[in-house]
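Q: this one's structure only:
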């Protein structure tokens with residue numbers, strides 16, 4: 001592996017020319033901003049950015065500009081968010097020492113949770129060996145994983161208030177989703193000749209890419225109905241659930257359980273007034289086929305009887321000794337088949353303008369044209385800012401609104417050390433600092449020429 005990286009780096013340094021390039025705005029804002037992509041950042045998002053190289057406003061380009069060589073050695077991003085718990089609540093309830101036996105402590109503890117659903121989601125994206133040379137881009141190693149939980153308020157009441165209640169509890173809104181995918185991408189972008197562009201356009205670029213999605217596993221739990229009934233000395237749970245999961249045949253060690261294909265197209269235009277516009281369609285015509293998809297239907301009735309009335313789940317040790325009978329009546333059926341699920345299709349538009357040589361402002365919008373089996377992360381509208389007080393240490397900031405979070409923000413920097421570019425970004429969602437309900441982190445190391 002070391003020899004391969006050394007050869008790739010040597011090829012890029014020997015053949016490329018021009019100043020070092022790189023726009024790590026997406027990484028340095030921890031995903032709060034998602035447009036103005038260049039080099040290896042453009043793979044999987046806007047392939048036209050593979051060939052895009054910004055030029056000063058007073059430069060007259062004579063023919064197509066030479067596209068930079070970029071090689072992402074590693075890129076890691078992660079996000080965790082929910083719609084109820086913020087940093088202030090964690091510091092005051094959990095980290096400060098939680099004692100639910102004090103009067104009113106349960107009410108204070110549970111007051112933060114919503115009255116309908118508590119939603120929790122996590123996602124991680126790991127990349128390596130993403131490179132561009134000339135008009136071509138290639139992403140060899142990648143990992144995308146995500147998980148989401150929908151937890152109804154009644155379940156939180158049962159867990160923390162006990163199971164002594166007059167009315168049945170409806171837990172039918174419980175849903176769990178997760179997936180892991182390894183994408184491979186090949187993309188091409190180039191500058192369009194002067195004879196085919198409008199007079200107001202100084203330069204413009206077209207790009208297209210194909211993506212192969214290798215699915216490792218998929219899980220989804222849906223609840224048709226799930227009711228909890230409580231009496232003076234018993235607890236009864238009745239439900240019907242459907243579980244979609246990947247099934248490895250006995251003795252199989254195959255890591256790939258599904259295959260998908262999608263396409264990306266993109267346009268970048270640089271006007272003579274200094275405004276840069278971009279448009280991209282991501283995962284166009286995308287489909288994911290899971291070859292060993294296990295669909296399990298469960299119908300069950302569970303009776304828990306206690307020797308005496310009271311809160312039988314007030315203490316786990318007491319509960320273990322109090323149960324004298326557990327009667328389960330499962331009725332399960334399953335099928336194994338190949339199932340096809342659509343991938344979400346995204347429309348992304350953006351624009352950037354250099355207010356000064358050191359200050360650039362960006363605006364972008366994202367719209368989901370088709371919902372898919374995989375949830376969409378990222379804001380619907382975002383603003384980005386790049387400020388370069390020092391030549392080798394630009395600073396970035398971005399804010400986003402809508403889609404996966406009502407509000408998100410991110411800030412970071414990029415450090416240039418010769419041909420290496422290290423970027424780091426941190427962000428939060430649905431609040432700022434102690435009031436935030438989610439956090440995101442991203443970092444990457446690239447070789448840029």
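A: Looks like it arrived, so ask away. Values in this document were obtained by computation on a predicted structure and should not be read as measured data. Numbering: from 1, shown residues only.
Q: tell me the contacts of the closest residue to residue 73 other than its chain neighbours?
A: Leaving aside its sequence neighbours, residue 73 sits nearest to residue 445 (C-beta to C-beta, 6 or more residues apart in numbering; 4.7 Å). Where you see a C-beta, it was placed from the backbone N, CA and C, and this is true even at glycine. By C-beta atoms under 8 Å, 6 or more residues apart in numbering, the residues touching residue 445 are 72, 73, 74, 75, 420, 421, 422.
Q: Repeat the analysis, applying 7 Å as the threshold.
A: For residue 445, the contacting residues are 73, 74, 420, 422, by C-beta atoms under 7 Å, 6 or more residues apart in numbering.
Q: are any of the residues you listed buried, and which?
A: 73, 422 (16 or more other C-beta atoms under 10 Å).
Q: out of the contacts of residue 445, which are inside strands?
A: Counting by DSSP state E, the contacts of residue 445 place 73, 74, 420, 422 in strands.
Q: quick one: which of those is nearest residue 356?
A: Checking those against residue 356 by C-beta to C-beta gives residue 422 as the nearest, at 25.1 Å.
Q: Make CSV out of the ones in strands among the contacts of residue 445 and add distance to residue 280 and pLDDT.
A: Formatted as CSV, the ones in strands among the contacts of residue 445 follow (distance: C-beta to C-beta, whole Å; pLDDT from 0 to 100):
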residue, distance to residue 280, pLDDT
73, 25, 89
74, 24, 87
420, 28, 86
422, 26, 90
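Q: ok so, going back, out of the contacts of residue 445, flag the one nearest to residue 176.
A: Nearest to residue 176 among the contacts of residue 445, with distances taken as C-beta to C-beta, is residue 74, at 30.0 Å.
Q: What count of nearby residues applies to the residue nearest to that closest one when sequence neighbours are not counted?
A: Nearest in space to residue 74, with sequence neighbours left out and distances taken as C-beta to C-beta, 6+ apart, is residue 128 at 5.0 Å. Counted with other C-beta atoms under 10 Å, the neighbours of residue 128 add up to 19.
Q: hang on, the earlier thing: now distance to residue 47 too, for the ones in strands among the contacts of residue 445, in CSV please.
A: Output for those, formatted as CSV (distance: C-beta to C-beta, whole Å):
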residue, distance to residue 47
73, 21
74, 21
420, 24
422, 25
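Q: what's the most distant pair in the residues you listed?
A: Longest span within these, C-beta to C-beta: 74 and 420, 12.0 Å.
Q: which residues of the stretch 251-400 of the chain fall in strands?
A: Assigned by DSSP state E, counting those that start in this stretch, the stretch 251-400 of the chain shows strands spanning 258-271, 275-306, 323-328, 331-342, 345-356, 359-370, 381-390, 393-401.
Q: what's the closest of those to residue 140?
A: Closest among the strands of the stretch 251-400 of the chain, using C-beta to C-beta: strand 258-271, at 16.7 Å.
Q: all helices of the protein, in order?
A: Taking DSSP state H, the helices of the chain run over residues 2-15, 25-28, 87-89, 105-110, 153-161, 316-322.
Q: now the third one: mean pLDDT?
A: Spelled out, it's helix 87-89. The pLDDT scores in helix 87-89 average 80.
Q: which other residues reach that helix?
A: 112, 433, 434, 435, 436.
Q: Dump the residues you listed into a markdown table; add distance to residue 227, neighbour count and pLDDT as well.
A: Listed next are the contacts of helix 87-89 as a markdown table, based on distance: C-beta to C-beta, whole Å; neighbours: other C-beta atoms under 10 Å; pLDDT from 0 to 100:
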| residue | distance to residue 227 | neighbour count | pLDDT |
| --- | --- | --- | --- |
| 112 | 26 | 14 | 80 |
| 433 | 41 | 9 | 84 |
| 434 | 38 | 13 | 84 |
| 435 | 36 | 12 | 84 |
| 436 | 35 | 20 | 87 |
